[in-house]
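Chemist: quick check, what structure comes out for this input:
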Amino acid sequence: MKRSELEKDLADKFRLQPQQSEQIIDTIIDHMTEVLQKGKRIEIRGFGSFFTKSYKPYSGRNPRTGETVEVRPKKLPHFRPSKELIKKLNEA
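Modeler: Numbering: from 1, shown residues only. Okay, the predicted model is just below:
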C-alpha cells in the first residue's frame, strides 16, 4: 500500500477532505519520528512496536574499490510485530 492509497482510504472511511487525511498521517509520522529520535519506544497494542538500535562505528570495505572506510555510529529503526498481528497474518 502506498501513502496516497492510505490517505484516500482514510478520507473515504471518515468522510474527510483529502488534505485532512494527509495532515493526520503527517502528524502521526512526525510524532513517531520525534519519539524514535529521543530513543524511546513506540508500542501499538495488537500491531507491534517500533524502536531504534544503536550501532558503534566500525571499519568497513567499499565493495567496488576494496578501499577501507570508517563507518560512523548510527541509529536504525526496527519493527517487531505483535503476537496478534502474526496470528492474523497466518490465519489468512
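
Chemist: gap between residue 45 and residue 8?
Modeler: Computed as Cβ to Cβ, to the nearest Å, the residue 45 to residue 8 distance reads 26 Å. To be clear about C-beta, it is placed using only N, CA and C from the backbone, and glycine gets the same treatment.

Chemist: hmm, I typed the wrong one, I wanted residue 58.
Modeler: 43 Å.

Chemist: so between the two, which is more surrounded?
Modeler: Neighbours per residue (other Cβ atoms under 10 Å) separate residue 58 from residue 8, with residue 8 holding more: 14 against 10.

Chemist: may I ask you to confirm that the more buried one belongs to a strand?
Modeler: No. Applying DSSP: H, G, I helix; E, B strand; the rest coil, one finds residue 8 to be helix, outside a strand.

Chemist: hang on, it packs against residue 18?
Modeler: Yes. Contact criterion Cβ atoms under 8 Å: residue 8 and residue 18 qualify, at 7.3 Å.

Chemist: what segments of the protein are strands?
Modeler: Using DSSP state E, the strands of the chain run over residues 42-44, 48-55, 58-61, 68-71, 74-81.

Chemist: mind putting the ones you listed in CSV, distance to residue 1 and mean pLDDT included?
Modeler: Converted to CSV, the strands of the chain look like this (distance: least, Cβ to Cβ, whole Å; pLDDT from 0 to 100):
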stretch, distance to residue 1, mean pLDDT
strand 42-44, 17, 97
strand 48-55, 16, 97
strand 58-61, 34, 95
strand 68-71, 33, 96
strand 74-81, 15, 97
